[in-house]
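Student: what follows is a predicted protein model with its sequence.
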Amino acid sequence: MDDREFFRTVADRTQLSRQEAADVTRATLETVAARLSAGEARELARELPEHLRESLQRGEGDMEIFDPDESIRRVHERTGLSELEADRGVRAVLATLREAVSAEEYDHAMSQLGSEFARMAESAR
């Protein structure tokens, strides 16, 4: 899956414009990167299209711990989308991520993110 297909899939799932889908994708990946270890963020990035990899780059500092509501708030702030749109966007990005990377890599990432994040991906349409 290339980045355009990724954005198109997110747009279809959220009914956002392609530009909004691209923005919510980048914001979600940046937020997810903060929750992952640096090594896991690098591994996940390796399986994504080149233009999405940079959104998963993070420093070597500690992982942040926050719940899905905080991730939605951060995406809302980064994109200017409403909280409802940010919520739909995060869910759609996680679901699309599940389709874009190997099952093994997705499971590794979800094991660090936690079951609440995995449930968010399952609830995307």
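Tutor: Received the coordinates, thanks.
Student: residues contacting the helix or strand hosting Arg73, please?
Tutor: Taking DSSP states H and E as the definition, Arg73 sits inside helix 68-79. Residues outside helix 68-79 that contact it (Cβ atoms under 8 Å, 6 or more residues apart in numbering) are 20, 23-24, 27-28, 30-32, 35, 66, 81-83, 85-87, 89-90, 116-117, 120. Where C-beta positions appear, they are placed from N, C-alpha and C, glycine not excepted.
Student: low-confidence ranges in the chain?
Tutor: For the chain, applying pLDDT under 70 flags the ranges 59-61, 125.
Student: flag every buried residue along the helix holding Arg73.
Tutor: Neighbour counts using 16 or more other Cβ atoms under 10 Å place Pro68, Ser71, Ile72, Arg73, Arg74, Val75, His76, Arg78, Thr79 of helix 68-79 among the buried residues.
Student: equivalent analysis for stretch 105-113, please.
Tutor: By 16+ other Cβ under 10 Å, the buried positions in stretch 105-113 come out as Glu105, Tyr106, His108, Ala109, Met110, Gln112, Leu113.
Student: contact partners of it?
Tutor: 32, 35-37, 40, 43-44, 47, 63, 97-98, 101, 117-118, 121.
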